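how would this look folded up:
(2 chains)
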Amino acid sequence: MLNFPLWKKLFVGAVCLLGVVYAAPNFLPEGTLGQGTSGLPGKQINLGLDLQGGAHLLYKVDVEGYIQKQLESAVDEARQILRKSRMPYQGLGISGEGISVTMKKPEQASEARTLLSDIDRRLQITTGETGLVTMVLTDQDRKAAIDEAIETSIEVIRQRIDPEGTKEPVIQRQGEDRILVQVPGAEDTEQVKIWIGTTAQMNFRMIDAKNSLSEAMNGRVPPGSELLESYERREDGSPVQSYLVEKRIRVEGDHLTNAQASFDQNNRPAVSFQFDAAGGAKFAKVTADNVGLPFAVVLDNRVITAPVIRSAIPGGSGIITGNFTLQETQNLSLLLRSGALPADMTVLEERSVGPGLGQDSVEAGQWASIIGLILVLVYMVMSYGLFGLLANCALIFNVALIIAILSGLQATLTLPGIAGIVLTIGMAVDANVLIFERIREEMRNGRTSANAIEAGYSRALTTIIDSNLTTLIAAVLLFTFGSGPIKGFAVTLSVGIVTSMFTAIMVTRFFVVTWYMRKRPKALPI
Amino acid sequence: MKLLKLIPDTPKIDFTGKRVIAFAFSVLLVLGSLGLFFGKGLNLGIDFLGGIQIEIQTEGPADISAIRSTVGGLDLGDVSIQEFGETDNVLIRIQEQAGGEESVQAAIEKVKAALGDTVKEYRRTESVGPTVGAELQEAALWAVVSAVGAILIYIWFRFEWQFGVAAVIALTHDVITTIGLFSLLQLDFNLATIAALLTIAGYSINDTVVVFDRVRENMRKYKKMELAELFNLSVNQTLSRTLITSVTTMLALVALGVFGGEVLRGFSIALIWGVLIGTYSSIALAVPVLLYMNPDRGEEEDSETNGAEAQA
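Model (predicted):
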């Protein structure tokens, strides 16, 4: 009658044990974890920004402006190419989603087409009847260009916020043209916005070799030059060295089209880079005029590297050698590539929570959970006596399971998420209430104890599933449409619904059946 | 130990007989709520309206009127200053600034500069632009509408369409009156409130489903019984469970409201109200409404049953 097969017992036991073990790290004093001393698997729950304090910023990337900028630079390049070719043309400019030019001699259109096709592979080039050459960005390539711009922006933001990789920021694309930035621990959004900045500040300048660096460091900086720190930092955050750099910018960073980790002719790690046509021309002139002198690659007013120019570098591409490791060249090429934010960004939404409020919220949430739990536990014992006690054990396992699953999934716990847990504590016993009420009813209808227990569990089951599934529907929709902290609420509520069904149906049944088999009472104390 | 019982073992309360009173009460509540909603409106938070919100903590009890005159004198449009939970916590709300991001920044800077030493700690600073506000409004509306729709479909699928309609009427009643409560008390209506509304929808339907489940079971069991009598029996049979679950949920929510901090207070109030009204509506509204819908006694629908009847 009251069979509860061994495999089910083992399953229930194993789940509860795992729950307790994975929930346990959250109850250790701070700092114990992560030292490897606790010997426990798993991690602590990830606290949301509203609980640990931090800054949250939602940026909109100006993708239209970005595309426009790309087209403008294509127009510039086309102008250079056409002038060089000495073919007469008119009406060169942006038209719609592309650029167009009319060759004054229609028969030169196909030659122009061949020359222009090198500018940007993403532009689809066609020739028209009267010498018209158009280069259009297809929808697909436009989307790819935007994707690339957003990805580059994310990388740049990451480099700027978290160059050491220790702050654990969240930097995510949201929708078509938005980037979400969350920095735990940052006390206000102002600081984060300064880090991110809005435009790129990368350029190539000459090192001031005529004046003494040490004198400059003693405060005598010559006019026309400035003292810049190295990009590379020591472990304590201080710069590795300083440079005396001319203020005059020789080549702007936005001429840089690519940078890759590579090797020099002696097979040492190096960084190769390419300029666009205009940048290449400037760079060729600067290098030709300054052979043997050091120049500086400057990013955000810090010197990435200051190699000596060995020879004039024509053709718009070059290689930076130095005492680099492979890792360094990879980082450096990333920095060069990601040095510039490709598009303007505006802030749509910003929220910051100070550490005081976060800490208060965590404490308030803990108190509310503990007191809510105690009230429910007491009430259940008052209502159902021994059965209430058994349901209470299941409830405690339920809380452990919720914490374990949240830790295991590394879901983010927010303040509304805590509210979800408290609410679950109140609602989780519902399944047991349904079962116990049904058992009472079956007893009144004259069933024997064993029969009443059996009927109580089986008859209440459909009701439990129906009623929980409807709540789960609401929770899932909340997750779909909600944002930030509200998603956290939806997660804990959903997890709570699932675990409470498990504990109420399986765990209490395990307890009740075990108790019944041992005592075999005629009447149930319910 | 004598067990606590909220009601006698087999209560015989005539719920369906008193349905006119319940209907009148509910109609009044809903009309009142709609009146408040359209007349007084909601105290929409910055999540939906856009604007700036700054919570500060002062050294000792805050001088609200001084802060009001300081911030009010900055020419930033509508400004509201209120104590937030503790006497040394103040919430400053400033309307959406014309002129985009820079003006929002400038406004925050101005406030921070003007407050100066008054502030011990900036607890939180939030600004939401108009685009995001409008989107959040839309998403919130979608969430509520699709939740109601999905629940209707689920109930329809599991029961009969009459049950689904009755459940959704009860649940809409609960959601509307909660909105009415927010309008009446002028509580901050924000994203968390939407979460509360959906949770109320879930809770209310949960309660209704339990009663409906019993109605369905009894309809199969007592094929000759008058529907009104059968409905009464079903409500009475599940009454003890309905009340006990409401009490446990309420206990947890009261703990949340009292100890959960000021940020969650509006949320807790909404949920407490939701549990009260949800319990009421499942007993006094959903079931009597179902009576008018005259559901199929469904002799041939028995194939739908699973579990419960099969094993009995």
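
quick one: average pLDDT of stretch B:169-180?
Taken as a whole, stretch B:169-180 carries a mean pLDDT of 93.

residue 21 is in what secondary structure piece?
Picking chain A for this. Applying DSSP states H and E as the criterion places residue A:21 in helix A:6-23.

not quite, I wanted chain B
Assessed by DSSP H and E, residue B:21 sits inside helix B:19-39.

who does that helix touch, helix- and strand-wise?
helix B:161-185, helix B:287-293 (3 or more CB pairs under 8 Å, 6 or more residues apart in numbering or on different chains; DSSP states H and E). All C-beta spots, glycine's among them, are computed from the backbone N, C-alpha and C.

nearest to residue A:481, out of the ones you listed?
Taking CB to CB, helix B:161-185 is the member of those nearest to residue A:481, at 15.2 Å.

tell me if that closest one is near chain A.
No - using CB under 8 Å from any CB of the partner chain, helix B:161-185 stays clear of chain A, with a minimum separation of 8.6 Å.

report all helices and strands that the next helix or strand after that helix contacts.
Moving toward the C-terminus from helix B:161-185, the next helix or strand (DSSP H and E) is strand B:188-189. Secondary-structure packing of strand B:188-189 (3+ CB pairs under 8 Å, 6+ apart): strand B:43-44.

at which residues are the helices of chain B located?
Assigned by DSSP state H, chain B shows helices spanning B:19-39, B:46-49, B:64-72, B:100-115, B:130-158, B:161-185, B:191-221, B:227-259, B:265-281, B:287-293, B:308-311.

and the ones you listed, which is most packed in?
Mean neighbours per residue, mean count of other CB atoms under 10 Å in any protein chain shown, is largest over the helices of chain B for helix B:191-221, with a mean of 26.

was I right to think residue A:411 contacts residue A:490?
No - Residue A:411 is beyond contact range of residue A:490, at 10.3 Å (criterion: CB atoms under 8 Å).

in the chain, which helix or strand is least confident?
In the absence of a named chain, chain A is used. Of all helical and strand segments in chain A, the minimum by mean pLDDT, DSSP states H and E falls on helix A:326-338, at a mean of 71.

pull the CA atoms of the helix or strand following it into CSV?
Sequence order places strand A:345-353 as the next helix or strand after helix A:326-338, per DSSP H and E. What follows is strand A:345-353 as a C-alpha-only set of coordinates in CSV (Å, rounded to 0.1, in the frame of the first residue of the first chain):
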residue,chain,number,x,y,z
MET,A,345,27.7,56.1,-27.1
THR,A,346,25.0,57.8,-25.0
VAL,A,347,23.8,56.7,-21.6
LEU,A,348,20.1,55.6,-21.5
GLU,A,349,19.9,54.4,-18.0
GLU,A,350,22.1,54.4,-15.0
ARG,A,351,21.8,53.2,-11.5
SER,A,352,24.2,53.0,-8.7
VAL,A,353,23.9,51.5,-5.3
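
so where do the strands sit in the stretch 301-450 of chain A?
According to DSSP state E, counting those that start in this stretch, the stretch 301-450 of chain A carries its strands in the segments A:302-305, A:317-320, A:345-353, A:412-413.

need the contact list for residue 123.
If you meant another chain, say so; for now it's chain A. A:74, A:98, A:99, A:135, A:136, A:137, A:141 (CB atoms under 8 Å, 6 or more residues apart in numbering or on different chains).

look at chain B instead
The contact partners of residue B:123, taken as CB under 8 Å, 6+ apart, are A:353, A:354, A:356, A:357, B:55, B:56, B:57, B:89.

report the closest residue of chain B relative to chain A.
Ranked by CB to the nearest CB, the top residue of chain B for proximity to chain A is residue B:252, at 2.9 Å.

my guess is that residue contacts residue A:421. True?
No - counting by CB under 8 Å, residue A:421 is not a contact partner of residue B:252; they are 9.4 Å apart.

ranges for the helices of the stretch 1-150 of chain A?
A:6-23, A:49-52, A:63-85, A:109-116, A:139-161 (DSSP state H, counting those that start in this stretch).

run a quick neighbour tally on the nearest residue to residue A:377 once chain neighbours are set aside.
Spatial nearest neighbour of residue A:377, excluding adjacent residues (CB to CB, 6 or more residues apart in numbering or on different chains): residue A:392 at 4.8 Å. Residues near residue A:392, counting by other CB atoms under 10 Å in any protein chain shown, number 21.
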